[in-house]
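Q: Model the following, please.
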Amino acid sequence: MRVRLTSSLLVAVALAACSPAVVTPTPTPNGSAVVVVGSAGPATPAGGGQSAKPTTAGRPASAFRKVLSGLGPKGEVTAEMALQAFALTIAPLPGITPPDGPRDGLDADAAMAWIGQTWTDLTVEQQAAISAALAPLADPFQTVASTGATVTDPPRAVLAAWPPMIAAAAPDCGLFYADGSAGPKPISTAVQPYLDTMRTAVDAIAGHLHRAAVPHLSICLVPDGVMLAPSLALLWDATGTEVGMPASCSVLLNSATLGAIEASGDLGYRIAFETYLCFARTADQSETLASSLARHVPSWALGGSAAWAAATVATESLGGVGSSVNDAWVAYLSAPETTVVQRWTDAIGLFAQVDADQPSAWDVLDQVVLGADELDSFYAATGRRQSFIDRWAAGYFRDASRGADWDIVGPGIPSDTPEAGSIEVANGEQEEMAAPALAVSMADLSTSADVTVLAGNHLRVHDGVQDLRDVRNQAYCTKDGGGDACRCPDKTPGAGRPPLPSLGTEAKLALTGMEFKGSATIAGLSLEDYCGPLPSEAPDAGIWSMLFWSPDLGDSAPPLLAAYTCDGLHSTWKAIFLPSISGLTETFDLKLDLDPVAHLDLHRDIPPDKLSPATVLEYSIDFELVSDTDPPVFRVTGTKTEIQGPKTWVFPPREFGSDAPLELKNVSLETQLKPYKAYQHPFRAQALADCGQ
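A: Here you go, the predicted structure:
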């Protein structure tokens, strides 16, 4: 996982890489052997979201964590970010000032990945400085001949504005082959224990992935001052450069930090972490190193898969994970609303949840690191399966008593649990809940409402008894007495609705935000609001009717529109338009049972009649029922458009009573039509039959 060199530097760096001499800037003290990094901090309450921030719960933000916080909203890496990471983890660079903060959590692999992604954005001077700093970390298979003798040193590159070169001992490397045979030179007693651990890690990872990494493998003890971070993995082609097919991978251990690593019990995890990266960069075994370095691998995909794979292998084969993986877990567990694309090794939890959902996360790791972009890698990891969506947010509650999905398990996981948000609703109240894209949100719900309506996308609910998945839009009875307590009274609009399912008044809400974010609405309704009002004797009971006359004709002609209902004001009215004109008549409903406003669109083509030209009529009308007046009225608003040839007029539809509110009468339509003895129409007979008057 090294930088992609420009053609003008390839030859010079390939030659310089063979030299045991080293450019040794004054190293910045490395206060810890911890490799894992990631966003952390207290969980944001439901309804809000957070991005990765340069904070770590309970301690000052490290310098490297501040660099990590520069990941863009889509996981973008800038050249400045890459240079700062390199200056923190490998060697200082001229003109680059890293952030202040503790020098713990230094991750050279992240720095090298970012340098590779932004190489063409760097200046020639920056590229040369980076190449010189990496020269001592050459492919050890190229620095020894078949007899084990050191190859003659080539000329060194000379860099401006760079500290004087200081001779230093070459890394002590143990070389071996993927088939298990010994390497081309003897292995020192100092290196042998680390080589044995790496062999175990190689065999374990190859067994899980069902493939080899590269034919040549090595582990090297790097002298103090050559690099700042505790460890690093580098890949090479057969000529010791980074152009052709991968042939060699070196795991480099910083001798200055080995004591702390071993004391913390992290050695197996760290060697497994670096060894996995030898495999990750060869996921496509037909891809050259030049192509691999040019391709963007999402930071979370590389760092998270390495942390999970290393912790798994260390737990299975290397005696445990020690303490360093704890930081990655804490960052994942404490910040559920941090989007995946702004994570690094703290994506370990995502892979653990994938592993719980899949037969094995090992089956998808290669596809994840080969993803074309952040979403492609995310889909490769999760399959966008509903089963994963259901468990992702729920797991953060860490409560296995509610079912396996409501906990997160994984190698080295601590007991940390994020603080859930709090949502309370009562009758007439509504609250919102949100999860950022590719992140989750969690909340404790307390409801005192008679009926609680839960609507959302990817919402899971647990009330201590029921586990409800993918709740989209459902009303629940949360009134004392259970489901029967929410049965709608007879004669109310909701009387015919099926019984409501019950829900406990205290529940856990787990909301997953996929690529389009997550949202949920929690509303409390009184039983009266849910069921609708009981019919009253006045003014809503009985039989009602309405007639609209043309103002120009008064009551000397049949109405242009007539309507009736037998079920009271707040109901569905049967209406007819132009009942007396053959060919233009239309019947329709005015639904006023739940909404006091009914909208009507009408279109009529009136043929020419004698001297009258053909006319097109367009109506767009709202009928608003106002039932708190005496008598009740309809307020009519809208427009009438009349078109005759090239002329168009738009005006209020006065024939429908737009000049003044229309009074309603609590009598049958038959009674209303008595002045029109000659007017007979099937609609009139229908009204008489329906209402029985």
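Q: rest of the way, CA atoms for contacts and neighbours
A: Noted.
Q: Point out where the chain drops to low pLDDT.
A: Counting by pLDDT under 70, the chain shows low-confidence ranges at 1-59, 144-169, 483, 535-541, 548-558, 579-584, 610-611, 654-660, 674-681, 692-693.
Q: Swap in 50 and give it another go.
A: Applying pLDDT under 50 to the chain flags residues 1-57, 145-168, 551.
Q: show me what contacts the residue nearest the centre of the chain?
A: Nearest to the geometric centre of the chain sits residue 438, at 1.2 Å (C-alpha atoms, centre = their mean). Going by C-alpha atoms under 8 Å, 6 or more residues apart in numbering, residue 438 touches 339, 340, 341, 512, 513, 514, 515, 517.
Q: Next one: the closest residue to the last one other than its chain neighbours from residue 65, what distance?
A: The reference is to residue 517. Spatial nearest neighbour of residue 517, chain neighbours left out: residue 437 (3.9 Å); criterion: C-alpha to C-alpha, 6 or more residues apart in numbering. To residue 65, residue 437 is 22 Å away according to C-alpha to C-alpha, to the nearest Å.
Q: between the two, who's got more neighbours?
A: Per other C-alpha atoms under 10 Å, whichever of residue 437 and residue 65 has more neighbours is residue 65, with 29 against 20.
Q: related to what we said a few turns ago, Provide the secondary structure category for the residue nearest to residue 517.
A: With DSSP: H, G, I helix; E, B strand; the rest coil as the basis, residue 437 sits in coil.
Q: next one: residue 314
A: Three-state call for residue 314 (three-state DSSP): helix.
Q: The residue nearest to the centre of the chain and residue 507, how far apart?
A: From residue 438 to residue 507 the distance is 24 Å (C-alpha to C-alpha).
Q: can you give me the helices in the stretch 301-450 of the chain?
A: Ranges of helices in the stretch 301-450 of the chain, per DSSP state H, counting those that start in this stretch, are 325-334, 348-357, 365-369, 374-382, 386-394.
Q: Out of those, which is closest to residue 478?
A: helix 386-394 (21.8 Å; C-alpha to C-alpha).
Q: And for the closest one, what's in contact with it?
A: Here helix 386-394 has contacts from 336, 350, 353-354, 357, 382, 405-407, 440-442, 458-460, 469-470, 509-512, using C-alpha under 8 Å, 6+ apart.
Q: Quick check: buried residues in that helix?
A: Neighbour counts over helix 386-394 (16 or more other C-alpha atoms under 10 Å) mark 387, 388, 389, 390, 391, 392, 393, 394 as buried.
Q: repeat for stretch 348-367
A: Buried, per 16+ other C-alpha under 10 Å, within stretch 348-367: 348-358, 361-362, 364-367.
Q: Now do the residue nearest to residue 223 when sequence neighbours are not counted against residue 476, distance only.
A: Nearest residue to residue 223 in three dimensions, chain neighbours excluded: residue 255, at 5.6 Å (C-alpha to C-alpha, 6+ apart). The gap separating residue 255 from residue 476 is 63 Å, by C-alpha to C-alpha.
Q: Buried residues, stretch 516-535. List them.
A: 517-528, 530-535.
Q: whoops, stretch 231-243 was the one
A: Those would be 231-243, for stretch 231-243 by 16+ other C-alpha under 10 Å.
Q: for stretch 426-443, same thing?
A: 426-427, 430, 433-443.
Q: Could you do stretch 496-513 as well?
A: Using 16+ other C-alpha under 10 Å as the test for burial, stretch 496-513 gives 500, 502-513.
Q: Kindly report the same for stretch 193-207.
A: Quick answer for stretch 193-207 (16+ other C-alpha under 10 Å): 194, 195, 197, 198, 199, 200, 201, 202, 203, 204, 205, 206.
Q: With stretch 126-145 instead?
A: Quick answer for stretch 126-145 (16+ other C-alpha under 10 Å): 126-144.
Q: Then stretch 603-621?
A: 615, 616, 617, 618, 619, 620, 621.
Q: Save those residues as CSV, and put in distance to residue 78 and secondary structure too.
A: Formatted as CSV, the buried residues of stretch 603-621 follow (distance: C-alpha to C-alpha, whole Å; DSSP: H, G, I helix; E, B strand; the rest coil):
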residue, distance to residue 78, secondary structure
615, 66, strand
616, 63, strand
617, 62, strand
618, 59, strand
619, 59, strand
620, 56, strand
621, 57, strand
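Q: Dump these into TSV; add distance to residue 286 as well.
A: Shown next, in TSV, are the buried residues of stretch 603-621 (distance: C-alpha to C-alpha, whole Å):
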residue	distance to residue 286
615	73
616	70
617	70
618	67
619	68
620	66
621	68
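Q: other SSEs contacting the helix or strand hosting residue 131?
A: Of the helices and strands defined by DSSP states H and E, residue 131 is found in helix 124-134. Judged by 3 or more C-alpha pairs under 8 Å, 6 or more residues apart in numbering; DSSP states H and E, the packing partners of helix 124-134 are helix 7-16.
Q: which is the next helix or strand following the helix it packs on?
A: helix 63-68.
Q: Next, the contact list for residue 503, please.
A: Per C-alpha under 8 Å, 6+ apart, neighbours of residue 503: 463, 466, 476, 477, 478.
Q: Quick one: neighbours of the second one, just the number.
A: The number of residues packed around residue 466, counting by other C-alpha under 10 Å, is 13.
Q: Quick check: it vs residue 405, distance?
A: 13 Å.
Q: And the first one, by the same measure?
A: Counting by C-alpha to C-alpha, the gap between residue 463 and residue 405 amounts to 14 Å.
Q: got it, and the fourth one?
A: Counting by C-alpha to C-alpha, the separation of residue 477 from residue 405 is 25 Å.
Q: Please save the CA atoms from whatever helix or strand residue 117 lives in in CSV.
A: Using DSSP H and E, residue 117 falls within helix 108-118. C-alpha atoms of helix 108-118 as CSV (Å, rounded to 0.1, in the frame of the first residue of the first chain):
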residue,chain,number,x,y,z
ALA,A,108,0.7,4.7,8.6
ASP,A,109,-1.5,2.4,6.5
ALA,A,110,-4.2,5.1,6.3
ALA,A,111,-1.5,7.7,5.4
MET,A,112,-0.1,5.5,2.6
ALA,A,113,-3.6,4.8,1.2
TRP,A,114,-4.4,8.5,1.1
ILE,A,115,-1.0,9.4,-0.4
GLY,A,116,-1.7,6.9,-3.1
GLN,A,117,-5.1,8.4,-3.8
THR,A,118,-3.8,12.0,-4.0
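Q: For that helix, name the packing helices and strands.
A: helix 79-89, strand 231-236, helix 289-294.
Q: hmm, who's touching the second one?
A: Judged by C-alpha under 8 Å, 6+ apart, the contacts made with strand 231-236 from elsewhere in the structure are 1-2, 107-109, 139, 242, 246-254, 270, 274-275, 277-278, 289.
Q: Can you list the strands that that strand pairs with?
A: Each strand paired with strand 231-236, and its direction, by DSSP bridges: strand 248-254 (antiparallel).
Q: Report the contact partners of residue 252.
A: With C-alpha under 8 Å, 6+ apart, residue 252 has these contacts: 219, 220, 221, 222, 231, 232, 233, 234.
Q: can we see that at 6 Å?
A: 219, 220, 231, 232 (C-alpha atoms under 6 Å, 6 or more residues apart in numbering).
Q: Same list as before, those residues that is, but in a markdown table and with distance to residue 574 included.
A: A markdown table is the format used below for these (distance: C-alpha to C-alpha, whole Å):
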| residue | distance to residue 574 |
| --- | --- |
| 219 | 86 |
| 220 | 88 |
| 231 | 80 |
| 232 | 79 |
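Q: residue contacts, residue 505?
A: Contacts of residue 505 (C-alpha under 6 Å, 6+ apart): 446, 447, 478.
Q: typo on my end, residue 229
A: Contacts of residue 229 by C-alpha under 6 Å, 6+ apart are 89, 106, 108.
Q: mind checking how far the last one is from residue 128?
A: Separation of residue 108 from residue 128 (C-alpha to C-alpha) stands at 18 Å.
Q: Thanks a lot, see you next time.
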